[in-house]
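Colleague: Need coordinates for the below:
(chains A and B)
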Protein chains: 2
Amino acid sequence: MRGGVRAVLQDLLRGHAPRSYSSSAAEAPAVRPPRDRILTLQSMNPQVRAVEYAVRGPIVVKAGEIERELQQGIKKPFSEVIKANIGDAHAMGQQPITFLRQVVALCTYPDLLDSPRFPEDAKVRARRILESCGGQSLGSYSASQGVTCIREDVARYIERRDGGVPADPDNIFLTTGASDGIASILKILVSGEGNSRTGVMIPIPQYPLYSAAISELNAVQVNYYLDEDHCWALDVNELKRALNQAKQYSNPKVLCIINPGNPTGQVQSRRCIEEVIHFAWKEGLFLLADEVYQDNVYSQDCQFHSFKKVLYEMGPEYSSNVELASFHSTSKGYMGECGYRGGYMEVLNLHPDIKAQLVKMLSVRLCPPVSGQAAMDVVVNPPQPNEDSYPQFIQEKEAVLSTLAHKAKLTEELFNQVPGIKCNPLQGAMYAFPRVFIPPCAVEKAEVSVK
Amino acid sequence: MRGGVRAVLQDLLRGHAPRSYSSSAAEAPAVRPPRDRILTLQSMNPQVRAVEYAVRGPIVVKAGEIERELQQGIKKPFSEVIKANIGDAHAMGQQPITFLRQVVALCTYPDLLDSPRFPEDAKVRARRILESCGGQSLGSYSASQGVTCIREDVARYIERRDGGVPADPDNIFLTTGASDGIASILKILVSGEGNSRTGVMIPIPQYPLYSAAISELNAVQVNYYLDEDHCWALDVNELKRALNQAKQYSNPKVLCIINPGNPTGQVQSRRCIEEVIHFAWKEGLFLLADEVYQDNVYSQDCQFHSFKKVLYEMGPEYSSNVELASFHSTSKGYMGECGYRGGYMEVLNLHPDIKAQLVKMLSVRLCPPVSGQAAMDVVVNPPQPNEDSYPQFIQEKEAVLSTLAHKAKLTEELFNQVPGIKCNPLQGAMYAFPRVFIPPCAVEKAEVSVK
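Modeller: From the prediction side, this is the model:
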């Protein structure tokens, strides 16, 4: 029973590709029957074919169809489609943070630097970013690793966040959203054939970027299950089970953590993080910490702890040895700037040879979008209490975060009011992953129809 | 002799990774000797290790070192480093096109839509783009394929450029620069193992994105050589030679063309394009046309012809059958907006199943940067003669293009004045690829030192 429901939910989460498209104008009738295509489902890259991606999969395609039907006046028992498949804050009406947009607009069109319409603290930041850009233009390529002064600001932000644990700008890589950073580090990590293929441990339920990247790279997806009965907690015994099993058919060497959880909304306890780090250290696993929801903690009983901070607090045996990449982004938090594709990755204890390989690999794509880098800079270097823009910034930031906290509570409560649905407390992030209990009579009916 | 020089030039062009980095603050001394790293040159993805990338390789690293030494006051027989390794227009002092930046600034900070500082035609474009964005914000994710109205503008631009040949917005994919489009389509194209691995035909000299992507994807690089004695022309007999040879150890199914040429600066004749298309059609090759320098044609005797236009002019047998992906970008032309990472890909005769697979694959990275999409929109939808911004736009555009043409002529002439250097006419793009003749006495000395 429960397994069946879980399977359905996981199927939805993993998703399938939309199946067909209307043929294009270019596909006009030929003088002879058209030849077979060179690029077909049979001839294409089988690893790409194997990718499943639900966030924009068939449910989203169906939602789009229903939306178009409503627009065409077709009657439905509802009047609008609300898209809850993705954390797309501005699309849901959240307003941009004024200060962030002011700085990016000033960088975009520096003529505005003499406009009285813009506050001085925004101008100071814009000038500083532009001075770090070739020709003082957002239109120049940045270094592959990102604009130098922005990487410095990221390092200082991490130091403040982690109570003084040192951060080195040379370990910061600006990325095209967090997805790009995660896919890049996974790409450099995977190797091997057959039973020696790299195993990548990921939580289930997961964010499907992980399964998609693993499939594309022909690595082995190693599932560890979060504990729904304990608010989606991560249990190290489950990590052990998953690891031991995976060793029989792969070479597990990466452990991915999403904290706060996507799509499960839990916030990991400090103790649990310590256990995970110890496990990774003991088993020789490379840690990936997806921490893009670090500003999205709603429950009074929870606090965000970065993996890096805990790593340092555990002492030099860990902080000098455990290889860690952690990720942040402009897309979530209180700013919700998904479209800018800004983000960063901090690497720790990466072998210098590998750092050079990473720079080389990232160089092929030249650089992350520079306007996204500028947006990231504001996130890590927001107005300070002594600056003019501070009051408005803090008011906007707190308004967004309290609205998100309110919505999280509302979602949890509403789900739990529905008979047959149970939803864990939403401690953080932007998602709920409720359990649906199928009534026995529905199961009976389904069993009859299967026969 | 000549072979030796060519080998050196190609080595430079292919490049090698920078070798080492200073160790970071995080790599502090451990209580015990540090453990072996999990991720090393030996354990990493061997296909990524095999990538060679010169554009940002060891010569660039050395240039950076020399630059820092000059800043520190170390005496050299020169006073500055001019970076000519990459087409990075704004970094070299080229000014952004005002209208483009106005539209993007308005989209970034819509408060400015009431500012008298901005012309009405820029506001009209900004409003139109914002209306096509979720929540009217550049901060929302766009559709994976790109903002709808921008794809429509791209389609209309292609129709105008190609004298009315139809273009379907559904065949347009907005990308993160052209590099992202090229890497994406190559990723979906490759398959096979051993002797049935996909062969990808690329020009030599090449732009190293191609060799890097081919290496990462474990495909087979099939070199065809451009004819230096005929101004780097593409000779179909050379394509035949390369294809026949490659069939012995791979499954060649992709033919990449760069026109205007990077790094060779030639512009392909219409007749040559026809021959290439016929060859691709006859041999069943998927065509990739890298046309990012379509606005950069300087020679009076040359004209840019798009592969798509020629394909249509050859009749329905070709236009209904030949599979083509062509690429454009915000980074080159007269706008030089590299940092925005804007671009598009137009696909033709792609199997509907494959289009769905492409959308799925691109969905994993969510969307291209929306500010780059907005910049792309201005490139394909510039001010028209009846609009207020037209005079300034045309003046700026022509100033940039005539400066580039002047620099191309200057570069060619200066190279040819140097004894022992011969440079072909620079018909287009942004690069020169001169031949260096090593004097016999240098060869003799080198031979002695080898012994």
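Colleague: Roughly how far does residue A:65 sit from chain B?
Modeller: 14 Å (Cβ to the nearest Cβ, to the nearest Å). To be clear about C-beta, it is placed using only N, CA and C from the backbone, and glycine gets the same treatment.
Colleague: give me the number of residues near that residue?
Modeller: Residues within reach of residue A:65, counting by other Cβ atoms under 10 Å in any protein chain shown, total 11.
Colleague: Same check on residue A:390?
Modeller: For residue A:390, using other Cβ under 10 Å, the count is 15.
Colleague: Can you report how many residues neighbour the residue nearest to it when sequence neighbours are not counted?
Modeller: Distances taken as Cβ to Cβ, 6 or more residues apart in numbering or on different chains place residue A:383 nearest to residue A:390, at 4.3 Å, with adjacent residues excluded. Residue A:383 has 22 neighbouring residues, counting by other Cβ under 10 Å.
Colleague: residues touching residue A:383, list them.
Modeller: For residue A:383, the contacting residues are A:99, A:121, A:389-390, A:393-394, by Cβ atoms under 8 Å, 6 or more residues apart in numbering or on different chains.
Colleague: For the helix ranked longest in chain A, which helices and strands make contact with it?
Modeller: Longest helix of chain A, by residue count under DSSP state H: helix A:390-417. On a contact count with 3 or more Cβ pairs under 8 Å, 6 or more residues apart in numbering or on different chains; DSSP states H and E, helix A:390-417 meets helix A:98-108, strand A:421-422.
Colleague: And the average pLDDT for the next helix or strand after the shortest one is what?
Modeller: So the one you mean is strand A:421-422. Per DSSP states H and E, the first helix or strand lying C-terminal to strand A:421-422 is strand A:435-436. Mean per-residue pLDDT for strand A:435-436: 94.
Colleague: In TSV, list the helices and strands packed on helix A:390-417 along with mean neighbour count and distance to residue B:351.
Modeller: Listed next are the helices and strands packed on helix A:390-417 as TSV, based on neighbours: other Cβ atoms under 10 Å in any protein chain shown; distance: least, Cβ to Cβ, whole Å:
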stretch	mean neighbour count	distance to residue B:351
helix A:98-108	27	40
strand A:421-422	13	41
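Colleague: So which of these is nearest chain B?
Modeller: Closest approach to chain B among the helices and strands packed on helix A:390-417 (Cβ to the nearest Cβ): helix A:98-108, 3.7 Å.
Colleague: Name the residues that touch that closest one?
Modeller: A:112-113, A:118-119, A:121-123, A:125-126, A:129-130, A:138, A:335, A:337, A:340, A:371, A:374-375, A:377-379, A:382-383, A:389, A:392-393, A:396, B:101, B:104-105, B:108-109, B:112, B:371.
Colleague: who in the stretch 151-300 of chain A is up against chain B?
Modeller: Within the stretch 151-300 of chain A, the positions adjacent to chain B are A:166-168, A:170-171, A:176-177, A:179-180, A:183, A:187-191, A:208-209, A:212-213, A:216-217, A:253, A:284-286 by Cβ under 8 Å from any Cβ of the partner chain.
Colleague: Quick one: mark the members of the residues you listed that sit in helices.
Modeller: If you go by DSSP H, those have A:177, A:179-180, A:183, A:187-189, A:209, A:212-213, A:216 in helices.
Colleague: Now the two most distant members of the residues you listed.
Modeller: A:177 and A:189 (19.0 Å; Cβ to Cβ).
Colleague: Those two - which one has more neighbours?
Modeller: Taking other Cβ under 10 Å, residue A:177 and residue A:189 do not tie; residue A:177 has more neighbours (29 against 24).
Colleague: Around the residue in the stretch 101-250 of chain A that chain B sits nearest to, how many other residues sit close by?
Modeller: Closest to chain B within the stretch 101-250 of chain A is residue A:134: 2.9 Å, counting by Cβ to the nearest Cβ. Applying other Cβ under 10 Å, we find 23 residues neighbouring residue A:134.
Colleague: Residue A:141 is in contact with that one, correct?
Modeller: Yes. In this structure, residue A:134 is within contact of residue A:141 by Cβ atoms under 8 Å, at 7.0 Å.
Colleague: got any residues that touch both of these two?
Modeller: Common contacts of residue A:134 and residue A:141 (Cβ under 8 Å, 6+ apart): B:88, B:91.
Colleague: backbone phi and psi for residue A:337, please?
Modeller: The phi/psi pair for residue A:337 (degrees, to the nearest 10) reads phi -90, psi 70.
Colleague: give the contact list for it.
Modeller: The contact partners of residue A:337, by Cβ under 8 Å, 6+ apart, come to A:90, A:96, A:100, A:330-331, A:375, B:139.
Colleague: Max pairwise distance over the contacts of residue A:383: which two?
Modeller: A:121 and A:394 (13.2 Å).
Colleague: shouldn't residue A:212 be in contact with residue A:50?
Modeller: No. Here residue A:212 does not reach residue A:50: they are 9.4 Å apart, not a contact under Cβ under 8 Å.
Colleague: What's the separation between the nearest residue to residue A:268 once chain neighbours are set aside and residue A:270?
Modeller: Using Cβ to Cβ, 6+ apart and skipping residues adjacent in sequence, the residue nearest residue A:268 is residue A:259, 4.4 Å away. According to Cβ to Cβ, to the nearest Å, residue A:259 stands 11 Å off from residue A:270.
Colleague: Also residue A:145?
Modeller: Distance of residue A:145 to residue A:270, computed by Cβ to Cβ: 31 Å.
Colleague: follow-up on the earlier one: ok, now which ones touch the residue nearest to residue A:268?
Modeller: The neighbours of residue A:259, taking Cβ under 8 Å, 6+ apart as the test, are A:267-268, A:273, A:289-291, A:293, A:304, A:307.
Colleague: Pull out the buried residues from stretch A:368-376.
Modeller: For stretch A:368-376, a neighbour-count test (16 or more other Cβ atoms under 10 Å in any protein chain shown) marks A:368-376 as buried.
Colleague: is it true that residue A:304 touches residue A:428?
Modeller: Yes. In this structure, residue A:304 is within contact of residue A:428 by Cβ under 8 Å, at 7.4 Å.
Colleague: so what sits against both of these two?
Modeller: Joint contacts of residue A:304 and residue A:428 (Cβ under 8 Å, 6+ apart) are A:260, A:267, A:297.
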